[in-house]
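Participant: Coordinates only, no sequence provided:
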């Protein structure tokens with residue numbers, strides 16, 4: 001997104017939802033694929049767009065708050081109460097299931113700092129059956145130590161051959 005587009009993100013929940021649904025519909029219309037369920041793809045993409053506003057875009061605090069309100073209003077999103085993120089910080093958790101393959105689901109938990117509204121972590125958990133019949137839990141997480149502006153250049157990893 002351009003800076004102009006980021007600044008144009010609406011801050012009211014109803015306007016933000018309409019804005020996001022229009023963008024999603026334009027994208028689906030531009031690249032139609034008859035092999036998917038439009039309503040299902042729209043719902044999935046709406047969740048992803050809200051997560052982007054919360055964690056990846058320099059959106060206003062009001063737009064982030066509206067994105068949380070949209071998430072909370074969606075079917076399948078559950079408030080789980082207090083949870084500790086992978087870095088040991090306490091926050092409020094929202095969770096939902098995401099189908100990653102036919103009949104294979106992952107549990108997604110978003111851990112939010114209630115005092116700032118910033119995302120602390122996204123924790124994805126899959127349960128799989130092992131060859132010996134036992135079940136194993138696979139967990140992947142992304143933790144955010146800081147979200148914000150900086151004038152410093154990032155420290156990139158050294159190049160390895």
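Facilitator: Done, it's in. Every value quoted in this text rests on a predicted model; they were computed, and no experiment measured them. Residues are numbered from 1 along each chain as shown.

Participant: Tell me who's in contact with the most centrally placed residue in the chain.
Facilitator: Centroid-nearest residue in the chain: residue 51, 3.0 Å away (criterion: Cα atoms, centre = their mean). Residue 51 is in contact with 67, 71, 110, 119, 122, counting by Cβ atoms under 8 Å, 6 or more residues apart in numbering. From N, CA and C alone the C-beta is placed, and that goes for glycine too.

Participant: got the domain boundaries for the chain?
Facilitator: Split into domains by automatic domain parsing, the chain comes to 1-75, 77-149.

Participant: hmm, back to that, wait, is the residue nearest to the centre of the chain part of a helix?
Facilitator: Yes: the assignment for residue 51 is a helix, going by DSSP: H, G, I helix; E, B strand; the rest coil.

Participant: What does the pLDDT read for it?
Facilitator: Model confidence at residue 51, given as pLDDT, is 92.

Participant: can you list contacts of the worst-scoring helix or strand of the chain on mean pLDDT?
Facilitator: One helix or strand of the chain scores below all others by mean pLDDT, DSSP states H and E: helix 3-7, with a mean of 87. Applying Cβ under 8 Å, 6+ apart, the external contacts of helix 3-7 come out as 57-59.
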